[in-house]
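Participant: requesting a structural model of the entry that follows:
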Amino acid sequence: MTEDPTTTLARLRSSIDNIDAALVYLLAERFKATKQVGHLKAEHGMPASDPAREEQQTARLRSLAEQADLDPAFAEKWFNFVVAEVIRHHTEAAGSR
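Facilitator: Below you'll find the predicted structure:
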């Protein structure tokens, strides 16, 4: 017997909600780690941005996106958005020293 479309929609939305929650918690963990990096960089006078690292990560994430059947351009846009926020945090950490 085929599942009712309303039931299917509710099930799919519940799955999406769980995934969104996991993403939020994963992003929070990521920012906790990058905050530590920012403080370390500030303590040692290191630059907030590391273009070579960012380039390596972009290539790595584009490759992972392809493997996961996710648009690599979207993955890169997401990464650039996150990195911009991380650099802002690192710049603030350096300014508070």
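Participant: hey, let's count contacts and neighbours off CA atoms from now on
Facilitator: Noted.
Participant: and stretch 34-51, what's buried?
Facilitator: For stretch 34-51, a neighbour-count test (16 or more other C-alpha atoms under 10 Å) marks 34-35, 37-39, 41-42, 48-49 as buried.
Participant: same question for stretch 14-31.
Facilitator: Residues of stretch 14-31 classed as buried by neighbour count (16+ other C-alpha under 10 Å): residue 31.
Participant: ditto for stretch 53-67
Facilitator: 58, 61-62, 65.
Participant: strands - which of those land there?
Facilitator: If you go by DSSP state E, the buried residues of stretch 53-67 have nothing in strands.
Participant: other SSEs contacting the top helix by length along the chain?
Facilitator: Taking DSSP state H as the criterion, the chain has its longest helix at helix 5-43. Judged by 3 or more C-alpha pairs under 8 Å, 6 or more residues apart in numbering; DSSP states H and E, helix 5-43 is in contact with helix 72-95.
Participant: the one helix or strand in the chain whose mean pLDDT sits lowest to helix 5-43, inter-axis angle?
Facilitator: Lowest on mean pLDDT, DSSP states H and E among the helices and strands of the chain sits helix 72-95, with a mean of 92. Helix 72-95 runs at 40 degrees relative to helix 5-43, counting by axes from the mean of the first three to the mean of the last three C-alpha atoms, to 10 degrees.
Participant: could you check helix 72-95 and say which residues are buried?
Facilitator: So for helix 72-95, counting by 16+ other C-alpha under 10 Å, buried means 72, 75-76, 79, 86-87, 89-91, 93-94.
Participant: now for it, which elements pack on it?
Facilitator: Secondary elements touching helix 72-95 (3+ C-alpha pairs under 8 Å, 6+ apart): helix 5-43, helix 51-67.
Participant: hmm, back to that, quick check: mean pLDDT across the longest helix of the chain?
Facilitator: The average pLDDT within helix 5-43 is 96.
Participant: any idea how far that helix is from the chain center?
Facilitator: 8 Å (C-alpha atoms, centre = their mean, to the nearest Å).
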